[in-house]
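S.K.: would you be able to build a 3D model of this:
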Amino acid sequence: MAGNSKDSKILAYKDMINQLNKTISTQTELIQSLQKTLEADRLEKENLRQQIEYLTKKLFGTSSEKRKDIAGQLNLFDEAEQEADPTWEQELPDDITVPEHKRKARRTHADFFKNVPSCDEIISLPEEERNCPTCGTQMECIGKEFVRHEFRFTPAKGKVVNIYRETYKCPECAISEEHPDDQTFVKAPVQEALIPESYASESVVGWAMHQKYQNGLPLNRQEEDWKQLGVPLSRATLANWIIYCAENYLRHVYDYFHRQLRMRKYLMADETRVQVLNEPERNPETDSWMWLFRSGEDGLPPILLYHYTETRAKFHAASFLQGFSGYLET
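M.R.: I've put the predicted structure just below:
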């Protein structure tokens, strides 16, 4: 009887544990559901706040008659004053509570400069100051102390590289009596020029492309920058280099991403008017079209491709997406 009673209690405890586990699992799911609801409410609140801020600026902001700045651009002279943070000198420790709100933890230097190369700079005591001020004995270094992080920038500079290659010959063949006419010469291999009969290098053309297409710096302004470095590179020369490299090198990269884009399941597309100067047999005022095709939010690395056409006819998009069998959003 005692054994049966003990077994019954054990079974009752097991049932209680199972019931508690189910209750915990249910409460965990409820907590996760409430957290998602709170996050959705937070996002909706933020969107409404931005809408109110935008409408407030439209309603009570400075009128266009009083302000002559170009839309989307800051004033040339007071940009620093407009962008400055008046509280930057009052940085607080990480995650500290101040009246009415809790300040978010600031990023550390390690996080801020994690993609920037770094090195150590050791500040040594000058040789003439290494004698002990008490007895005159030369002192020994016993360690180092961290002082601060410092971000430094080296301005752009260029240099001319004169490329030579060495020629080698076999010393044995040179003095051989059996084959006096068989001299062996070998020249070091040299990589072909980026552009035939040109002094352009990969670094210069890559920088020009980066400045124009990523930083939005026109070639005429780049021409002035090169002049300040002592190199009279004209905008026409830069344009020729960019076109040559795009057609002979980047075209293969573009075609590869074009094939990858058509293999995706979700795509987005849009087009906008452009006017092209000096286009054969077309007036400069004639509308042309630049298409943008982009992969969707499918968790894979995004692909964005531009495609130029002279008209807006739908067969241009159909031809570009030939072979695509997914969903297209326009």
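S.K.: okay, CA-based contacts and neighbour counts for the rest of this
M.R.: OK.
S.K.: around Arg259, count how many other residues there are.
M.R.: 14 (other CA atoms under 10 Å).
S.K.: can you tell me the element it falls in?
M.R.: Using DSSP states H and E, the element containing Arg259 is helix 251-262.
S.K.: parallel or antiparallel, list what pairs with whichever helix or strand comes after that helix.
M.R.: Using DSSP H and E, the helix or strand that follows helix 251-262 towards the C-terminus is strand 266-274. If you go by DSSP bridges, strand 266-274 pairs up with strand 288-295 (antiparallel), strand 327-329 (parallel).
S.K.: just to revisit the earlier point, figure out how far the helix holding Arg259 is from the centre of its chain.
M.R.: Offset of helix 251-262 from its chain centre (CA atoms, centre = their mean, to the nearest Å): 20 Å.
S.K.: and for stretch 321-329?
M.R.: Relative to its chain's centre, stretch 321-329 lies at 28 Å (CA atoms, centre = their mean).
S.K.: put the alpha carbons of that stretch into CSV.
M.R.: C-alpha atoms of stretch 321-329 as CSV (Å, rounded to 0.1, in the frame of the first residue of the first chain):
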residue,chain,number,x,y,z
LEU,A,321,13.3,40.6,-68.5
GLN,A,322,13.1,37.8,-71.1
GLY,A,323,13.3,34.5,-69.2
PHE,A,324,12.0,35.9,-65.9
SER,A,325,9.1,33.9,-64.5
GLY,A,326,8.4,35.5,-61.1
TYR,A,327,6.4,38.5,-59.8
LEU,A,328,7.1,42.0,-61.1
GLU,A,329,6.0,45.1,-59.2
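S.K.: what does it rub up against?
M.R.: Residues from elsewhere that reach stretch 321-329, judged by CA atoms under 8 Å, 6 or more residues apart in numbering: 262-269.
S.K.: turn these into a markdown table, columns for pLDDT, distance to Arg294 and neighbour count.
M.R.: Shown next, in a markdown table, are those (pLDDT from 0 to 100; distance: CA to CA, whole Å; neighbours: other CA atoms under 10 Å):
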| residue | pLDDT | distance to Arg294 | neighbour count |
| --- | --- | --- | --- |
| Arg262 | 96 | 10 | 18 |
| Met263 | 95 | 12 | 16 |
| Arg264 | 95 | 10 | 18 |
| Lys265 | 94 | 11 | 15 |
| Tyr266 | 94 | 9 | 18 |
| Leu267 | 95 | 6 | 23 |
| Met268 | 95 | 5 | 15 |
| Ala269 | 95 | 6 | 17 |
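S.K.: for the residues you listed, which one is nearest Ser118?
M.R.: Nearest to Ser118 out of these is Arg264 (CA to CA; 39.2 Å).
S.K.: so what's the closest one up against?
M.R.: With contacts defined as CA under 8 Å, 6+ apart, Arg264 is in contact with 295, 324, 326.
S.K.: how much space between the last one and Gly206?
M.R.: As defined by CA to CA, to the nearest Å, Gly326 lies at a distance of 35 Å from Gly206.
S.K.: now stretch 308-328: mean pLDDT?
M.R.: What stretch 308-328 shows for mean pLDDT is 93.
S.K.: for the protein, which segments count as strands?
M.R.: Counting by DSSP state E, one finds strands in the chain at the ranges 97-98, 101-102, 167-169, 185-187, 266-274, 288-295, 304-309, 327-329.
S.K.: the fourth one packs against which elements?
M.R.: Judged by 3 or more CA pairs under 8 Å, 6 or more residues apart in numbering; DSSP states H and E, the packing partners of strand 185-187 are strand 167-169.
S.K.: still on that earlier bit, quick one, the helix holding Arg259 and strand 266-274 angle?
M.R.: Between helix 251-262 and strand 266-274, the angle comes out at 130 degrees (axes from the mean of the first three to the mean of the last three CA atoms, to 10 degrees).
S.K.: any idea of the angle helix 251-262 forms with strand 304-309?
M.R.: Between the axes of helix 251-262 and strand 304-309, defined by the same axes, to 10 degrees, the angle is 110 degrees.
S.K.: what residues sit buried inside helix 251-262?
M.R.: The neighbour-count check on helix 251-262 (16 or more other CA atoms under 10 Å) flags 254, 258, 261-262 as buried.
S.K.: thank you kindly, that will do.
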